[in-house]
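Chemist: Structure of the sequence below:
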Amino acid sequence: MFALVGAVYIATTSFPASLAATLIGATQMFGMAGGSAGQFVVGPAITAGLVWNRFWLGMGFAGLVISVLLFVLLPKQERTEERPDWVKGAVRAMGSVLRNPQSVLCGMIAGLLFIPTTIFDMIWGVRYLQEARGFEYGAAVMRSAMVPLGWIIGCPLLGFVSDRIGRRKPVILGGAVVLLACLAWILFGRADVFPPYVLAIIAGIASGAAMLPYTVIKEANPPEVGGTATGVINFLNFTFSALLGPVFGGVLRRVAGGASQAALEHYQAAFQPLLYGVGLAILLTLFLRETGSAVRAPVPTRGSA
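Modeler: Numbering: from 1, shown residues only. The predicted structure is shown next:
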């Protein structure tokens, strides 16, 4: 929740262009901190006897508290004159963003780089490590939780690197290539080659590149539709996870032949398309227009004429 509100606030507020990717990465860092804690804290707690419905009631109450805090702490903006045609304005803004091919590219790249985390790791990661790799439940939870922990590091780090060099595409490409290599090894490589947790943390750091399209879509659209652009990329991004999650589950069930426990080759066959998805994200990034400060023309000052 903090991550989403923070991203929208940054998108609709004037910040120095040299800090755009770093700030958006920082907001996502806090969001993924909750995802990581949800795996290595909540899972063992429920196993130890915490009643699941009481946990969700507590989380619901915590969400209400956070909502109140956000209402109180978020900076207030000057009230603008209300327009009677605000619905038409919203539709025009949405159309402006969606008609921009760069917006669609950003959403697809972010979604393709994000689903290895949301679908494979967060949904199937623990079960994969138990059934296909033979880990105990506790060890599987800890290893799976290292991926969102890597996000906590990678989102602000890759954003900082992108701002530092003034370019977005090389960082997206580099992160995607590393993510592809890590994902391929997790599925097809030996589990005892790398030290525990290292591969998962590196994969998480690399997949933090999925947040850079959030910066690109804002820079590729007019400033007055920055909030709409952030909403559009969130919609496209999480549409991938919402629609493809059941698809991967169905494929795994089919290749496993209805068995109660899937084998390594079943997981490899079911989740191999994730590799093609990351490869497609790399290809699409080549068509993305660079929007970093290194390629933007300097704004002329009043005295330079």
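
Chemist: In this structure, which residue is most central in space?
Modeler: Central residue of the chain (C-alpha atoms, centre = their mean): residue 114, 4.8 Å from the mean position.

Chemist: for it, helix, strand, or coil?
Modeler: The local conformation at residue 114, judged by DSSP: H, G, I helix; E, B strand; the rest coil, is helix.

Chemist: count of residues packed around the nearest residue to it once chain neighbours are set aside?
Modeler: The shortest distance from residue 114 to any non-neighbouring residue, by C-beta to C-beta, 6 or more residues apart in numbering, is to residue 210 (4.6 Å). In short, each C-beta sits where N, CA and C put it, glycine included. A total of 28 residues lie near residue 210 under the criterion other C-beta atoms under 10 Å.

Chemist: Please look at residue 121 and residue 144 and confirm they touch.
Modeler: Yes - the pair residue 121 / residue 144 is scored as a contact, 5.7 Å apart, by C-beta atoms under 8 Å.

Chemist: Give me the more crowded residue out of these two.
Modeler: Between residue 121 and residue 144, counted using other C-beta under 10 Å, the more crowded position is residue 121 (29 against 26).

Chemist: Can you report phi and psi for the more buried one?
Modeler: Dihedral pair for residue 121: phi -80, psi -60, per degrees, to the nearest 10.

Chemist: residues in contact with the residue nearest to the centre of the chain?
Modeler: In this structure, residue 114 makes contact with 207, 210, 237, 240, 241, judged by C-beta atoms under 8 Å, 6 or more residues apart in numbering.

Chemist: From what I see, the third one and residue 110 are in contact.
Modeler: So the one you mean is residue 237. Yes - contact between residue 237 and residue 110 holds when scored by C-beta under 8 Å: they sit 4.5 Å apart.

Chemist: Find residues that contact each of those two.
Modeler: Residues touching both residue 237 and residue 110 (C-beta under 8 Å, 6+ apart) are residue 210.

Chemist: Please report how far residue 261 lies from residue 129.
Modeler: Distance, residue 261 to residue 129, by C-beta to C-beta, to the nearest Å: 13 Å.

Chemist: If you drop the residues flanking it in sequence, what lies closest to residue 111?
Modeler: Nearest one to residue 111, counting by C-beta to C-beta, 6+ apart, is residue 240 at 3.4 Å.

Chemist: swap that for residue 194, sorry
Modeler: Distances taken as C-beta to C-beta, 6+ apart place residue 185 nearest to residue 194, at 7.9 Å, with adjacent residues excluded.

Chemist: Just give me how far the helix or strand harbouring that neighbour sits from the chain centre.
Modeler: Assessed by DSSP states H and E, residue 185 sits inside helix 169-188. Relative to its chain's centre, helix 169-188 lies at 14 Å (C-alpha atoms, centre = their mean, to the nearest Å).

Chemist: ok, residues contacting it?
Modeler: Under the criterion C-beta under 8 Å, 6+ apart, residues 109, 113, 116, 120, 154, 158, 161-162, 165, 193-194, 199-200, 202-203, 205-210, 212-213, 267-268, 271-272, 274-275, 278-279, 281-282, 285-286, 288, 290, 292 lie in contact with helix 169-188.

Chemist: Any idea which helix or strand in this protein has the lowest mean pLDDT?
Modeler: In the chain, no helix or strand scores lower on mean pLDDT, DSSP states H and E than helix 2-11, which sits at a mean of 48.
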